[in-house]
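> coordinates only, no sequence provided:
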């Protein structure tokens, strides 16, 4: 069997042509709605705490992704919730000395804090700032691994903030060796990367596309000995923060999808990486929309609290008049599409099941918003929302449709339409839920069928969002049918 030839490095391609094919109208509409409503949250302690937790999560997870250290999930949650304090960690929580791990995490926290400062100062991206980021990120990393002349892995001093001076390559899971930019070209290629990014900004390329292109281009060049992944995520985060978005938090759970998207980008397809960045940003916005209502009335006197409540009621009425009607119209379009699709699945599946056993069947069921049964399946809907880290607002809007496969037990593929967050904000979603019930009708298991719910807003075009929903729904149904088939 012949050896696989190494993949030679090629200069990063311009994105000035063809970027419109990578656009996602869904993220654009959701961000516009969020930007219209964020002023209600800014300045409140609960929102500042939320952003601080995102920063800490970013600081912890970027090091976990690079295997700088291991950290138990429970310890990670404690540090995110209560702050980056070494006294909160036990030696059994990590694979390295606690002080060493905390020093690296604090370096990464300093990096994300520097990005906020960078934006506040109105600076533009430059090679100097890229080197500065690397310096900050690796302040407590003194060595990195390299290969000696005999191919042995050895520890060598890390050159902070300096381009590497030796060749670099990596071998992926499929055994393909990827060669990075040769040292003599690093300076010129990095200049081209920054120049290309500025050109994209000037012509209005959306933030998520610029972030994905810059991140991937940087990793292809691979200018430093070590820390390139951390710097790449910094650069993508910088783009998003400058656009008024949240930090790009890639967690250990996200890593397989993140790495797979990068490999596809290596082969010329940037779209999966753009989509992944969109999903991560949508997740952050959903979490922000799900903040407690205490953001409005916070440590106020009774008198001022009543005044705030009065204002809130007036604002709610206005919001309902301006945005609710349109988003509910979009919801009804999508609900009808879900109904039609699931009825077709019912017909095909029922025929197949009865050919094996006359007692087997497939059944469709649904409930529109305001119908006597629209409150059914609340447990499954809430459990799915918790698993996807957002608050399901059922009083705002609730409708559902499902198809059930009845054999010795009962399996349901449920689509629930409901609000996001604790207030009426003109943002709804559809979650796809897989539910198994035993012979007595008791719930045995509930889990999401998709990584993220399908969001839509009053700013979405009904025709465009309907097309996106159809593809999302088909993927969810296929996942559910495959899961059911494997369990037979």
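In hand now; what should we look at? Note that the structure is predicted; figures quoted are calculated from it, not measured.
> please enumerate the helices of this protein.
In the chain, the segments counted as helices under DSSP state H are 25-37, 45-65, 73-82, 98-120, 127-137, 186-202, 207-221, 228-242, 255-266, 271-289, 302-319, 325-356, 378-387, 462-487.
> now those helices in TSV, with mean neighbour count and distance to residue 147?
To be clear about C-beta, it is placed using only N, CA and C from the backbone, and glycine gets the same treatment. Shown next, in TSV, are the helices of the chain (neighbours: other CB atoms under 10 Å; distance: least, CB to CB, whole Å):
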stretch	mean neighbour count	distance to residue 147
helix 25-37	19	41
helix 45-65	19	23
helix 73-82	15	32
helix 98-120	18	24
helix 127-137	19	21
helix 186-202	17	19
helix 207-221	25	20
helix 228-242	23	17
helix 255-266	17	22
helix 271-289	22	29
helix 302-319	12	60
helix 325-356	16	54
helix 378-387	18	43
helix 462-487	15	42
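> which one of those helices lies closest to residue 144?
Residue 144 lies closest, by CB to CB, to one member of the helices of the chain: helix 228-242, at 10.8 Å.
> which of the helices of the chain sits closest to residue 363?
Checking those against residue 363 by CB to CB gives helix 325-356 as the closest, at 6.6 Å.
> that closest one - what's its average pLDDT?
Average pLDDT, helix 325-356: 94.
> and it with helix 25-37, angle?
Angle between the axes of helix 325-356 and helix 25-37 is 140 degrees (criterion: axes from the mean of the first three to the mean of the last three CA atoms, to 10 degrees).
> picking that back up, rank the helices of the chain by pLDDT, which is bottom?
helix 302-319 (a mean of 64).
> most centrally placed residue in this protein?
residue 280 (1.4 Å; CA atoms, centre = their mean).
> that one is in contact with residue 248, isn't it?
Yes - with contact defined as CB atoms under 8 Å, residue 280 counts as touching residue 248 (6.0 Å).
> can you count the residues close to residue 267?
Burial of residue 267 is recorded as 8 neighbouring residues (other CB atoms under 10 Å).
> next one: phi and psi at the residue nearest to residue 326 when sequence neighbours are not counted?
In space, and not counting its chain neighbours, residue 326 is closest to residue 458: 4.1 Å by CB to CB, 6 or more residues apart in numbering. Dihedral angles of residue 458 (phi, psi; degrees, to the nearest 10) stand at phi -70, psi -10.
> now do the contacts for residue 290.
Counting by CB atoms under 8 Å, 6 or more residues apart in numbering, residue 290 touches 390, 391, 420, 421, 422.
> with pLDDT, distance to residue 407 and neighbour count added, can I get those in a markdown table?
Shown next, in a markdown table, are the contacts of residue 290 (pLDDT from 0 to 100; distance: CB to CB, whole Å; neighbours: other CB atoms under 10 Å):
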| residue | pLDDT | distance to residue 407 | neighbour count |
| --- | --- | --- | --- |
| 390 | 93 | 33 | 24 |
| 391 | 93 | 35 | 20 |
| 420 | 92 | 35 | 27 |
| 421 | 87 | 38 | 22 |
| 422 | 78 | 39 | 17 |
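> in strands only, show me those.
With strands defined by DSSP state E, the entries of the contacts of residue 290 inside them are residue 420.
> residue 285 contacts residue 32, doesn't it?
No - with contacts counted by CB under 8 Å, residue 285 stays clear of residue 32, the gap being 11.1 Å.
> and the closest residue to residue 408 other than its chain neighbours, how many residues sit next to it?
Closest residue to residue 408 apart from its sequence neighbours, by CB to CB, 6+ apart: residue 439 at 6.7 Å. Residues contacting residue 439 under the criterion other CB under 10 Å number 8.
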